[in-house]
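Visitor: Let me see the structure of the following:
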Amino acid sequence: MATVQSHRDLIVWQKAMDLAEVVYRLAAKFPHIEMYRLGSQTTRAAASVPANIAEGNARGTKRDYANFLSVAKGSLMETETFLMLAVRLKYITQAEASAAFGLVSEISKMLTSLRNRLREDGN
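Guide: Presented below is the predicted three-dimensional model:
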């Protein structure tokens with residue numbers, strides 16, 4: 001197993017970056033009126049996921065790291081909710097959002113697993 005030397009080595013961070021990229025592309029399809037409303041909230045939440053993973057990884061304790069992973073999971077669920085709303089409002093189609101929803105599901109499982117491992121290992 002490879003040693004993690006940086007948050008950039010974490011598959012969950014890499015997938016979260018992929019999600020952020022997909023979400024930014026989807027948000028660009030929203031109507032102009034949503035640029036500073038739903039579009040801004042959606043991209044901010046998506047960018048927060050890898051940012052919190054990175055910040056948590058840089059913290060000194062496993063407890064702090066686990067906390068930042070919880071924040072990342074919250075941002076992930078916000079992202080999913082905003083995308084679901086965008087689909088309901090017909091700003092994007094379900095088909096357009098499917099890759100993002102797949103990443104949300106995968107990242108969610110990875111965050112839960114990583115957080116559980118940190119808790120089991122203690123501080």
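Visitor: count of residues packed around Val87?
Guide: Neighbour count of Val87, defined by other C-beta atoms under 10 Å: 18. Bear in mind the C-beta positions are built from the backbone N, C-alpha and C, glycine included.
Visitor: List the residues that contact it.
Guide: Applying C-beta atoms under 8 Å, 6 or more residues apart in numbering, we find Val87 in contact with 93-94, 97.
Visitor: May I ask which helix or strand encompasses the spatially most central residue of the chain?
Guide: Centroid check for the chain by C-alpha atoms, centre = their mean gives Val49 as the closest residue, at 3.5 Å. Taking DSSP states H and E as the criterion, Val49 maps to helix 38-58.
Visitor: Pull out the buried residues from stretch 40-56.
Guide: Buried residues in stretch 40-56, counted by 16 or more other C-beta atoms under 10 Å: 41-56.
Visitor: Ignore what I typed, I meant stretch 12-26.
Guide: 12-13, 15-20, 22-23, 26.
Visitor: would you list every one of the helices in the chain?
Guide: Secondary structure of the chain (DSSP state H): helices at 11-27, 38-58, 62-88, 94-121.
Visitor: Name the residues that touch the shortest one?
Guide: Spelled out, it's helix 11-27. In contact with helix 11-27 (C-beta under 8 Å, 6+ apart) are residues 7-8, 39, 42-43, 46-47, 49-50, 53-54, 57, 72, 76, 79, 83, 86, 92, 96-97, 99-100, 103-104, 106-107, 110-111, 114.
Visitor: Make sure Asn52 is actually in contact with Glu78.
Guide: No - using C-beta atoms under 8 Å, Asn52 is not in contact with Glu78, being 11.7 Å away.
Visitor: give the contact list for Met110.
Guide: 11-12, 15.
Visitor: what do you get for Ser75?
Guide: Contacts of Ser75 (C-beta under 8 Å, 6+ apart): 45-46, 48-49, 52.
Visitor: how about a cut-off of 6 Å?
Guide: 45, 48-49 (C-beta atoms under 6 Å, 6 or more residues apart in numbering).
Visitor: From Ala27, how far off is it?
Guide: Look at Ser75 and Ala27: by C-beta to C-beta, to the nearest Å, they are 15 Å apart.
Visitor: Name the nearest of the contacts of Met110 relative to Lys62.
Guide: Nearest to Lys62 out of the contacts of Met110 is Val12 (C-beta to C-beta; 15.5 Å).
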